[in-house]
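>>> I need the structure of the sequence given here:
(4 chains)
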Number of protein chains: 2
Amino acid sequence: MCVRYVNQLGGRGLFTTVVSVPTLPARTSRRAVYDELRRRVVTLQLPPGAALSENELAAELGISRTPVRESLILLSQEGLVQVFPKVGSFVSRVDPDRVADAQFLREAVELASLDDVPADPAPDLVAELRANLAAQEAVDQDADAFFPLDEEFHHGLLRLAGHERTWPTVVAAKGHLDRARRLGLTENASMSVFRDQHEAVLDALLRGDRAAARTLMRTHLRAVFADIERVRRRSPELFASNAGSVPTRRSVAVWD
Amino acid sequence: MCVRYVNQLGGRGLFTTVVSVPTLPARTSRRAVYDELRRRVVTLQLPPGAALSENELAAELGISRTPVRESLILLSQEGLVQVFPKVGSFVSRVDPDRVADAQFLREAVELASLDDVPADPAPDLVAELRANLAAQEAVDQDADAFFPLDEEFHHGLLRLAGHERTWPTVVAAKGHLDRARRLGLTENASMSVFRDQHEAVLDALLRGDRAAARTLMRTHLRAVFADIERVRRRSPELFASNAGSVPTRRSVAVWD
DNA sequence: ACACATGCGCTTACATACAAGCGCCGTACT
DNA sequence: AGTACGGCGCTTGTATGTAAGCGCATGTGT
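Model (predicted):
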C-alpha cells in the first residue's frame, strides 16, 4: 500500500485557527444544519421519537440532502438520533441507561477536576463564575435562559482546573441527560436550588476546602436523578422502553 | 414548524439489536470504511500527517466517494483526521494536549469506576480478566497483539463496575493517546511491566482493597507519560507543534 | 536574481440521480 | 371475518455530477 506522506512547512498561519477547532471545520452548510438540529433536539423542540426525513429537512432548510444527511450521521454518533437504514431516522427516545452513563461520566470528570484546581485560581475566571452566578439568580424560573448559564458554569469550573478541553467530550456524552434534565426543570422549577448549590461549590473551592467541594458537587450532580423517575412516569412515551419498542411510520402531525 | 411525531407500537423485535448499537447502524459500506480507516490510523499504518484523498481512497477501496467522505467526517469529529475545506484531509498529528486530555478523562473514569466495583464481582467476568492476563503474558513483546488485550482488560474492569457503556466514550477520546502509546511501546517493550500492573490492580480489587487499587491504577495509567516525551524528541514530525504548523501538499511516497 | 501575477490541477462542499429495501395498505382468497 | 400476498410509496445508501477555492508552478516583469 502506498501512502502519501506530507511533510510540514508550517508557519503559514493559515489554518492555525482552524486547527484549534476540534469539531466541524468551518462555517459550512453542514455545520449550520448540525448546530440547528442539535439545538432542536436538546431543547425538545424536536421531541424524542420524532421522524427526521432527510428529504423533508433538506426542503425545509432549502438545501440538498447531502449536508442534512451528514449532520444526521454526526447526531447519530452522539446518540441523539437513530438511523434505521431504508426505514427512517428518528430522534432517539431518552434512554435511562445513557442518562446514567452520562451522570457517571460527568461525576467522574467534574469531581476529578476539582482536585486539580490550583490554590490561587485565575482571578478573571473566578470573576466570570461570580458574574454567572448573579445571572443565574436574575433569570430564575426561566429554564431556557437558565440552561446555558448552568452549562457555562460547569464548563468554567473545568477551566479553573485547566481541563476545559474535556468539556466537549462531556457535552457529547450527556445529550440524553440534558433532555431528561430539561424535562424535569420545565415541570417544577428547582433552579434556585441548583444556583445555591453552584455557589456553595465555588465557595468551598475558593476557601480551599476540596473535600467539601467534592461532597457538594456530588450532591448537586445527583439532584437531577430524583426528578427523572417522576418525569418518566408522567411522560413514558419520551423514554426508551427496555422491551425494545421501535418507532413505526404511523405518524401524527404535531404543531408548536 | 410542523414535526411529524411517531407513536410507538413496538414489540416487533425487528430493530432491537440495532437499537443496542450506539455507533454506526449496520454492516454498511460506510461502517466498513470507517473501521478500516480508524484501524489504519490508530495502528500508525497511516502515519500522522498522511494525506487522505477522498478520490484516492474511493478508488483503492473500489467504492464511491460518498461512504469515504462520510467516514472521514466521523474521524474528523473524533479528532483523528483534520479536514481543511477545499484543501485536503490529513491524519492529524499527535496532539500532546489531546493526549493529556485523554489521560485525565481516562484516569477520572477508571478511578471512579473502581469505587463502584461490588464486593463480590461476577465470577465469569473475573475469569475473563484472568484469562486475559494469561494471554497478555503469552504475547509478550508483540505490541500488535498486546494492545487489543490491554484494551479488553480495561474495558473488562469497567464491566466489573457496571460502567461498560462508558468505554466507547473513553475510546473515542483517546485516539491520540493510543497512538502515542503505540509509538512508545514499539520502541522499548514495557509490556511485561504493564501486565504486572494490571494483575496488581485486579488482585487489590478482589481482596477489597480499593485504596490500593486506586493507587496502583493511577500509577499504571501514568506510566505512559514517561515515554511520550522521549518519543516526541525522537519523532517530532509525528506530533503537532504548538506553533501552528500545517501540512502542505508537498508529498513523498512512502511504502510499507 | 528576485518579486509578483496568473493559470492549472488538485482538493473538498454541495447537488442530483440511481439503487435497494422495508412497511403500509389494498386486494383477493379462504 | 380473517389472513395471506403483492404493489406502491417512502425511506436511506451509494454513485456521480457540478461548483468553488486554495496551493503550487510557471512565466513574466523588474
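
>>> mind listing the helices for chain A?
Applying DSSP state H to chain A gives helices spanning A:16-19, A:29-42, A:54-61, A:65-78, A:96-115, A:123-138, A:143-160, A:167-173, A:175-187, A:191-206, A:210-234.

>>> now for those helices, which one comes closest to DNA strand D?
With C-beta to the nearest atom of the strand as the criterion, DNA strand D lies closest to helix A:54-61 of these, at 3.7 Å. (Glycine included, C-beta is placed from N, CA and C.)

>>> contact partners of the closest one?
A:33, A:36-37, A:64-65, A:68-69, A:72, A:89, B:1, B:4 (C-beta atoms under 8 Å, 6 or more residues apart in numbering or on different chains).

>>> how about a cut-off of 10 Å?
A:29, A:32-33, A:36-37, A:53, A:63-72, A:83, A:88-89, B:1-4 (C-beta atoms under 10 Å, 6 or more residues apart in numbering or on different chains).

>>> Could you check how far it is from the centre of its chain?
Averaging C-alpha positions (C-alpha atoms, centre = their mean, to the nearest Å) puts helix A:54-61 24 Å from its chain's average.

>>> same question for it, mean pLDDT?
The pLDDT scores in helix A:54-61 average 97.

>>> same thing with stretch A:161-176?
95.

>>> buried set for that stretch?
A:161-176 (16 or more other C-beta atoms under 10 Å in any protein chain shown).

>>> Ok, stretch A:57-75 next?
Buried, per 16+ other C-beta under 10 Å, within stretch A:57-75: A:57-58, A:61, A:66-75.

>>> Filtering those by proximity to DNA strand D, which remain?
A:66, A:69, A:72 (C-beta under 7 Å from any atom of the strand).

>>> Reformat those as a markdown table; add distance to residue B:148 and pLDDT.
Listed next are these as a markdown table, based on distance: C-beta to C-beta, whole Å; pLDDT from 0 to 100:
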| residue | distance to residue B:148 | pLDDT |
| --- | --- | --- |
| A:66 | 36 | 98 |
| A:69 | 33 | 98 |
| A:72 | 31 | 98 |
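
>>> What residue in chain A comes nearest to DNA strand C?
residue A:29 (2.7 Å).

>>> Correct me if wrong: that residue contacts residue A:66.
Yes. In this structure, residue A:29 is within contact of residue A:66 by C-beta atoms under 10 Å, at 8.5 Å.

>>> what is in contact with those two at once?
By C-beta under 10 Å, 6+ apart, no residue touches both residue A:29 and residue A:66.

>>> Restricting to the ones next to DNA strand D among the buried residues of stretch A:57-75, which residues neighbour DNA strand C?
residue A:66.

>>> how about the ones next to DNA strand D among the buried residues of stretch A:57-75 in JSON lines, adding distance to residue A:198?
Formatted as JSON lines, these follow (distance: C-beta to C-beta, whole Å):
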{"residue": "A:66", "distance to residue A:198": "42"}
{"residue": "A:69", "distance to residue A:198": "39"}
{"residue": "A:72", "distance to residue A:198": "35"}
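
>>> and residue A:191, what is it in contact with?
A:136-137, A:139-143, A:145-147, A:149-150, A:185.

>>> List the buried residues for stretch A:38-47?
Quick answer for stretch A:38-47 (16+ other C-beta under 10 Å): A:38, A:40-42, A:44, A:46-47.

>>> quick check, nearest of the residues you listed to residue B:101?
Set against residue B:101, the nearest of the buried residues of stretch A:38-47 by C-beta to C-beta is residue A:38 (21.8 Å).

>>> tell me the pLDDT at the closest residue to that closest one other than its chain neighbours?
Among residues not flanking residue A:38 along the chain, residue A:75 sits closest, at 6.3 Å (C-beta to C-beta, 6 or more residues apart in numbering or on different chains). If you check residue A:75, the pLDDT there is 97.

>>> quick one, what contacts residue A:75?
A:33-34, A:37-38, A:41, A:52, A:81-83, A:89, A:91-92, A:175.

>>> about what we covered before: need the per-residue pLDDT for the residue of chain A closest to DNA strand C.
Model confidence at residue A:29, given as pLDDT, is 95.

>>> I'd like to know how far it sits from chain B.
11 Å (C-beta to the nearest C-beta, to the nearest Å).

>>> neighbours of that residue, just the number please.
Residue A:29 has 15 neighbours, counted by other C-beta atoms under 10 Å in any protein chain shown.

>>> how near is it to residue A:65?
Distance of residue A:29 to residue A:65, given as C-beta to C-beta, to the nearest Å: 12 Å.

>>> same question, residue A:111
43 Å.

>>> what's the burial count for residue A:96?
Residues near residue A:96, counting by other C-beta under 10 Å: 17.

>>> Likewise for residue A:180?
26.

>>> from the buried residues of stretch A:57-75, which is closest to residue A:121?
residue A:74 (34.4 Å).

>>> Enumerate every residue touching the closest one.
Contacts of residue A:74 (C-beta under 10 Å, 6+ apart): A:23-24, A:30-31, A:33-34, A:37-38, A:80-81, A:172, B:70, B:73-74, B:76-77.

>>> ok, those vs residue B:106, which is closest?
The closest of these, once distances to residue B:106 are taken by C-beta to C-beta, is residue A:172, at 15.9 Å.

>>> Chain neighbours aside, what residue packs nearest to the closest one?
residue A:78 (5.5 Å).

>>> Would you agree the one you found is in contact with residue B:77?
Yes. Between residue A:78 and residue B:77 a contact is recorded at 9.0 Å, counting by C-beta under 10 Å.

>>> Return every residue with contacts to both of those two.
With C-beta under 10 Å, 6+ apart as the test, residue A:78 and residue B:77 both reach A:34, A:172.

>>> Can you check the pLDDT for residue A:184?
78.

>>> How many neighbouring residues does it have?
Neighbours of residue A:184 (other C-beta under 10 Å): 23.

>>> Pull up the gap between it and chain B, please.
Distance from residue A:184 to chain B, by C-beta to the nearest C-beta: 21 Å.

>>> Over to residue A:125?
Distance from residue A:125 to chain B, by C-beta to the nearest C-beta: 18 Å.

>>> Check residue A:101 too.
5 Å.

>>> Is it correct that that residue is in contact with residue B:163?
Yes. Residue A:101 is in contact with residue B:163 according to C-beta under 10 Å; the separation is 7.3 Å.

>>> mind listing what the residue nearest the centre of chain A touches?
The residue lying closest to the centre of chain A (C-alpha atoms, centre = their mean) is residue A:171, at 4.0 Å. By C-beta under 10 Å, 6+ apart, residue A:171 lies in contact with A:38, A:42, A:78, A:102, A:106, A:151, A:154-155, A:178.
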